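Asker: Let's see this in three dimensions:
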Amino acid sequence: QVQLVESGGGLAQPGGSLRLSCVASGFTFGRAVMSWARQAPGKEREWVAGMYEDVADTYYADAVKGRFTISRDNAKNTVYLQMNDLKPEDTAKYFCGRGGPHYGGPNYYEEPVDFWGQGTQVTVSS
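Answerer: This next block holds a predicted model:
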């Protein structure tokens, strides 16, 4: 069955970095759009980043552009989220999803997410 397992969350200081990983199984990973979303207490889940086949297809929310980088290693069935220059407002639970936003040339697409991982908590605080 489909499984997405996130890891790498934790406590970071403002300006610090964390790298999240999501290991996928149970489907053909290389053909899937993969994404990261986050949800803070009392707020709706929001997109953070998504990608399809390569870096040219990546989507980033305005709040994380220039600080976060999504990447994938299809040989390892893993998608990553490198988070730099973390801010307290980045505090949230981060989820990996199969599907999500991406670009194809100039066009924006949003594939329905049909499976989410269990999430990993990121807390940014001094």
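Asker: Quick check: bridge partners of residue 7?
Answerer: Taking DSSP bridges, one obtains residue 21 as the residues bridged to residue 7.
Asker: Give me the buried stretch members for the longest strand seen in the chain, please.
Answerer: When the chain is parsed with DSSP state E, its longest strand is strand 92-104. Residues 92-102 are the ones in strand 92-104 that count as buried (16 or more other C-beta atoms under 10 Å). For the C-beta atoms, the positions are set from N, CA and C on the backbone; glycine is no exception.
Asker: got it, and stretch 26-41?
Answerer: 27, 29, 32-38.
Asker: how much space between residue 92 and residue 52?
Answerer: Residue 92 sits 24 Å away from residue 52, going by C-beta to C-beta, to the nearest Å.
Asker: Then residue 13?
Answerer: 33 Å.
Asker: and if you look at residue 36?
Answerer: Counting by C-beta to C-beta, the gap from residue 36 to residue 52 is 14 Å.
Asker: Looking at the buried residues of strand 92-104, which two lie furthest apart in space?
Answerer: Using C-beta to C-beta, the two most remote members of these are 93 and 102, lying 22.1 Å apart.
Asker: The closest residue to residue 94 other than its chain neighbours pairs with what?
Answerer: Nearest non-adjacent residue to residue 94, counting by C-beta to C-beta, 6 or more residues apart in numbering: residue 38, 4.8 Å away. Going by DSSP bridges, residue 38 is paired in beta bridges with residue 46, residue 94.
Asker: Quick check: residue 38 touching residue 95?
Answerer: Yes: between residue 38 and residue 95 there is a contact at 7.0 Å, judged by C-beta atoms under 8 Å.
Asker: what's the overlap in contacts for those two?
Answerer: Common contacts of residue 38 and residue 95 (C-beta atoms under 8 Å, 6 or more residues apart in numbering): residue 45.
Asker: Okay, and residue 36 sits in which element?
Answerer: If you go by DSSP states H and E, residue 36 is part of strand 34-39.
Asker: Now do the SS call for the nearest residue to residue 76 once chain neighbours are set aside.
Answerer: Sequence neighbours aside, residue 23 is the residue nearest to residue 76 in space, at 7.5 Å (criterion: C-beta to C-beta, 6+ apart). Taking DSSP: H, G, I helix; E, B strand; the rest coil as the rule, one finds residue 23 in the strand state.
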